Each structure stands twice: as structure tokens, then as C-alpha cells.
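Asker: how would this look folded up:
(one chain, ligands or ions: 2)
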Amino acid sequence: MAKIIALANQKGGVGKTTTSINLSAALAKAGKRVLLVDADPQGNASSGVGVDKSTLESDIYDVLIQDTPVNEVILPSSTPGLDILPTTIQLSEAEVQLVDLPEREYRLSKALAKVQADYDYVIIDNPPSLGLLTINSFTAADAVLIPVQTEFYALEGLGQLINTIELVRQGLNPDLEMAGILLTMYDGRTNLGKQVSEQVRTYFEDRVYQTVIPRSVRLSEAPSYGQAIIDFDPKSPGARLYTEFAKEVMAQYG
Ligand SMILES: Nc1ncnc2c1ncn2[C@@H]1O[C@H](COP(=O)(O)OP(=O)(O)OP(=O)(O)O)[C@@H](O)[C@H]1O
Ligand SMILES: [Mg+2]
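Answerer: Ligands and ions are numbered 1, 2, ... in the order given. Take a look at the predicted model:
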């Protein structure tokens, strides 16, 4: 049965999508069967693993709103062993439409239950909000992994996020855990980077992963080629560190 991990932080641009893509690809390279779920209407995870969104006949919107079977929508990605449940901008309408649907918080969970036996990991990329799409992900997930940009205001909003996880645990999904916090876009040349990472570790202690993802231009270039960093530039520091990070996740979840 797949471990389902939702990547979330309602703060925008902290590395959720970059981490979703590259953790998924590194897990697949390690021999795991992985499904990447793009639950963000921006669709950056879909294009980042080589999906041409303009040619899609159906996407996660149809699964959530129209009850299209999930296996009809899943596609192979540019990385062997990694499948993608893609999205397009039409998912932006789902946030409103879900409100009136029965079991509105459980729709992703029900869809993923049908393919959970086919994978070792399901990684869900989420939008920068705590709306119904993210709540669907938290209801479906075993654990929430929080990327935190090693920058000023890094801790801002984390209290609210952790509160939301707690609320979901009290109602919709009692088994939901916090997987941990991943520091991203670290710049070791600046004092700020060091200060923020120390501050996050002081506050969250062993819930912060040992691996730290450095700021790297190659990581930001890879998505425009539709490739994960381990395929785009296997020798780059980004490829090495996402591989290290995947090892930490496998030590945690098998
Ligand atoms: N380690 C890194 N080094 C350099 N650039 C990075 C790194 N990680 C992410 N980026 C770049 O920073 C931007 C934001 O990253 P990303 O899209 O992963 O964040 P996000 O949290 O998914 O954003 P959103 O909240 O909009 O979904 C992107 O342009 C991405 O390419
Ligand atoms: Mg994103």
C-alpha cells in the first residue's frame, strides 16, 4: 500500500512543486513505484515532469468533480517508474464547485484508494492555500511534508498550517502525521540562511530533515525542459541532495 505524502505550505514559492517533482523522481530512481498528484491548478508539477497540458483529454478536475476513474487520467512521466495524475487550469473551478458536492473533503481520498495498491509512494503537490483542495489532500494523506524557504519570514504562517493539520486530525483524518520540515533554497554564503535554518531547527527540533536543499539555478531550469533534476543534470548538487532527501524519506516510510 502506498504511503501518501502531501506537500503543503500556504506560503507561495517555497519549493513545494520543486520538491514534489524531485522527491518523486528520486524515489522512482531508487526503485519505488511512485504517483505524483498535481493538486495545484497552476499545473507546474504536471509540466515539470513532461506533460503537455494542452493535449490532455482529462485531468484531476474530472476525477474530483465528474467521477472520472482515476486510472483513465494517470499518465507516465518523463522519469521511468514515475506516473503523474495531471492537472490543468480547469481545476481552479473545483475549489468552488466542491463546496456543494457530497463528501467534498473525501473525493481525492476515494479516488486514490483505487490505485493505492499499485504504488509505493503517492506524492501530492498542493496550491499555496488551505482551501478545499488542500483539505482533500490532507484527508487522503498519511503525512504532511512542509517545505520551508530558508528566508526571512520563513516561520510566518506555519502556526496556521500546523493548526489546520491538527483540525483535520481531529475530524476528517485522525491518522494524519506531520512527516517533517524540509529547508529549501538555502544559501550558505549568507548569514540570513544560517540564522533562519538555526531558528527553524531550534523551534521544530528533530522534525526538521537533516538534508537541506541549496539554492541552485539548475533546479529552477529543469522544469522548463519537462524533466526532474536527476534526469536533467544528474551530477548537479540539486540532484545529489534530492537523492539524499529521498533516502531520508525512505528511512522514515520504507
Ligand atoms: N532550490 C532552489 N534553487 C533555486 N530555485 C528554486 C529552488 N527551489 C525552487 N526554486 C524556484 O523558485 C520558484 C518557486 O518554487 P516552487 O514552484 O517549487 O514553489 P511552490 O511552493 O511550489 O510555489 P507555489 O506556491 O506558487 O506553488 C520556482 O521558480 C522554482 O524554480
Ligand atoms: Mg507549486
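
Asker: contacting residues around the residue of the chain found nearest ligand 2?
Answerer: Ligand 2 sits closest to Thr17 of the chain, with a gap of 3.2 Å, by CB to the ion. The way it works is simple: take the backbone N, C-alpha and C, and place the C-beta from them, glycine included. Neighbouring residues of Thr17 by CB atoms under 8 Å, 6 or more residues apart in numbering: 40, 42, 44-45, 48, 125, 223.

Asker: do the one helix or strand it maps to and ligand 1 meet at all?
Answerer: Using DSSP states H and E, Thr17 maps to helix 16-29. Yes - using CB under 6 Å from any ligand atom, helix 16-29 reaches ligand 1 at 16-18.

Asker: same list (those) but as TSV, adding pLDDT.
Answerer: What follows is the residues of helix 16-29 next to ligand 1, written out as TSV (pLDDT from 0 to 100):
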residue	pLDDT
Lys16	98
Thr17	98
Thr18	98
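
Asker: which one of those residues is nearest to Val70?
Answerer: Thr17 (20.7 Å; CB to CB).

Asker: skipping adjacent residues, who's closest to Pro80 in space?
Answerer: Nearest non-adjacent residue to Pro80, counting by CB to CB, 6 or more residues apart in numbering: Ala28, 6.8 Å away.

Asker: one more: Thr150?
Answerer: Closest to Thr150 by CB to CB, 6+ apart is Tyr186, at 4.4 Å.

Asker: cool, Ser220 as well?
Answerer: Thr18 (7.7 Å).

Asker: next one: Asp233
Answerer: In space, Asp233 is closest to Arg218, 4.9 Å off (CB to CB, 6+ apart).

Asker: contact residues of the stretch 51-200 of the chain facing ligand 2?
Answerer: Residues of the stretch 51-200 of the chain lying near ligand 2 by CB under 5 Å from the ion: none.

Asker: get me the contact residues on the stretch 51-200 of the chain for ligand 1.
Answerer: Residues of the stretch 51-200 of the chain lying near ligand 1 (CB under 6 Å from any ligand atom): 128, 184-185.

Asker: picking up where we left off before, residues near the residue nearest to Pro80, how many?
Answerer: 24 (other CB atoms under 10 Å).

Asker: report the separation between it and Gln170.
Answerer: Distance of Ala28 to Gln170, given as CB to CB, to the nearest Å: 34 Å.

Asker: one step back: out of the residues of helix 16-29 next to ligand 1, which one sits closest to Leu85?
Answerer: Of all these, Thr17 has the smallest distance to Leu85: 14.3 Å, by CB to CB.

Asker: helices of the stretch 151-254 of the chain, start to end?
Answerer: 158-170, 191-204, 217-221, 229-232, 237-253 (DSSP state H, counting those that start in this stretch).

Asker: so what touches the shortest one?
Answerer: Contacts of helix 229-232 with the rest of the structure, by CB under 8 Å, 6+ apart, involve 22, 25-26, 29, 78-79, 218-219, 221-222, 225, 236, 238-239, 242-243.

Asker: filter those to the buried ones?
Answerer: 22, 25-26, 29, 78-79, 219, 222, 236, 238-239, 242-243 (16 or more other CB atoms under 10 Å).

Asker: dump these to JSON lines, plus pLDDT and distance to Thr134.
Answerer: Compiled in JSON lines, the buried ones among the contacts of helix 229-232 are given as follows (pLDDT from 0 to 100; distance: CB to CB, whole Å):
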{"residue": "Asn22", "pLDDT": "98", "distance to Thr134": "21"}
{"residue": "Ala25", "pLDDT": "98", "distance to Thr134": "23"}
{"residue": "Ala26", "pLDDT": "98", "distance to Thr134": "24"}
{"residue": "Lys29", "pLDDT": "98", "distance to Thr134": "28"}
{"residue": "Ser78", "pLDDT": "95", "distance to Thr134": "26"}
{"residue": "Thr79", "pLDDT": "97", "distance to Thr134": "25"}
{"residue": "Leu219", "pLDDT": "98", "distance to Thr134": "24"}
{"residue": "Ala222", "pLDDT": "98", "distance to Thr134": "25"}
{"residue": "Ser236", "pLDDT": "98", "distance to Thr134": "30"}
{"residue": "Gly238", "pLDDT": "98", "distance to Thr134": "26"}
{"residue": "Ala239", "pLDDT": "98", "distance to Thr134": "28"}
{"residue": "Tyr242", "pLDDT": "98", "distance to Thr134": "23"}
{"residue": "Thr243", "pLDDT": "98", "distance to Thr134": "27"}
